[in-house]
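**Q** here are the coordinates; sequence isn't available:
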C-alpha cells in the first residue's frame, strides 16, 4: 500500500509540477519580473531578484503571503538568487515538482484512507478540496502578493495562514465524511475569517495596485489548474499502480 501511494504521488506530482511551470511562464512569472523592477528601486526603474518565480508560487499557493520587501542597505550583499532565463525556470520547475509531490502524497493518502472507489473524477474532487483548503480559504484573507507589497508582520501572517488552512481542511472533512458534524465543520472552516487576517496599518507599496490585482487573480487561477491536474493524475496513477 505504501509503495503504491508513493509511486502514484511521485508520478502525479512531477507531471503536474512540470505542467504548471509552463502555465506560470506565460501568466504569473512575467508579472513577478515586472514587479521586481519596482521592488528594489522605490518604484523607479531597476531590478531586484527578490525571489524566484517558483518561490512566489510556493508562498502564494501553500504558504503565507510574501514577506515585506526591503532593499538591502548600501554595501550589504544580496542573497543568492538564480539568474533570469533558463536557470530561473529550472529552479521554478524543481520547486513546483517538489511541491506537487508533497501535495500529491496528501491526496493519494486521503483517497486510500477514505476506503471509497477511486476514479479520475474523484481525484479531481480531491484536488478541488486541496485548492479550497490551501489556496482559496487562506487567499480570502491573505491574497497572493507580489514582491514590494506592504504586508503585516510575517509571524502573524504565518499563524493565521496555518489556522485558515487547518480549519478549511478539517471543516471540509467533517462536512463530507460525517453525518452529525457538518455544522461544526462549517464553523471550523469560517472561524479564522471571523477572527480576521492580519494586515498592515496602511496599505500601499512600490508595486502598482493594478499589477497586484492582476497577479492575485492569475495566481489563484494557476493554483486551481495545479490542484486539478494533481488530483486527476493522482487518481489515474493510483489505478495504474493497482497491480504494480
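**A** Yep, it's here. Quick caveat: nothing in here was measured; it's all calculated off a predicted structure.
**Q** Quick one: find the helix or strand in the protein with the lowest mean pLDDT.
**A** Sorting the helices and strands of the chain by mean pLDDT, DSSP states H and E puts helix 53-62 at the bottom, at a mean of 40.
**Q** where are the low-confidence patches of this protein?
**A** Counting by pLDDT under 70, the chain contains low-confidence ranges at 39-80, 204, 243-244.
**Q** which strands and helices sit next to the longest helix anywhere in the chain?
**A** Counting residues, the longest helix found in the chain (DSSP state H) is helix 209-240. Counting contacts by 3 or more Cβ pairs under 8 Å, 6 or more residues apart in numbering; DSSP states H and E, helix 209-240 is packed against helix 2-25, helix 28-39, helix 53-62, helix 86-114, helix 120-131. In this view, the C-beta of every residue, glycine as well, is placed from N, C-alpha and C.
**Q** tell me the most buried of those?
**A** helix 53-62 (a mean of 23; mean count of other Cβ atoms under 10 Å).
**Q** Validate this expectation: residue 201 resides in a strand.
**A** No - Residue 201 is assigned coil when assessed by DSSP: H, G, I helix; E, B strand; the rest coil, not a strand.
**Q** still on that earlier bit, the helices and strands packed on helix 209-240: which one's closest to residue 147?
**A** The closest of the helices and strands packed on helix 209-240 to residue 147 is helix 28-39. By Cβ to Cβ, the value is 4.5 Å.
**Q** Report the angle between the closest one and helix 209-240.
**A** Calculated by axes from the mean of the first three to the mean of the last three Cα atoms, to 10 degrees, helix 28-39 forms an angle of 150 degrees with helix 209-240.
**Q** So which elements touch helix 28-39?
**A** Using 3+ Cβ pairs under 8 Å, 6+ apart as the test, helix 28-39 ends up in contact with helix 53-62, helix 209-240.
**Q** Of these, which stretch is the most buried?
**A** helix 53-62 (a mean of 23).
**Q** Can you report how many residues lie near residue 167?
**A** A count of nearby residues for residue 167, using other Cβ atoms under 10 Å, gives 22.
**Q** do residue 200 as well
**A** By other Cβ under 10 Å, neighbour count at residue 200 equals 13.
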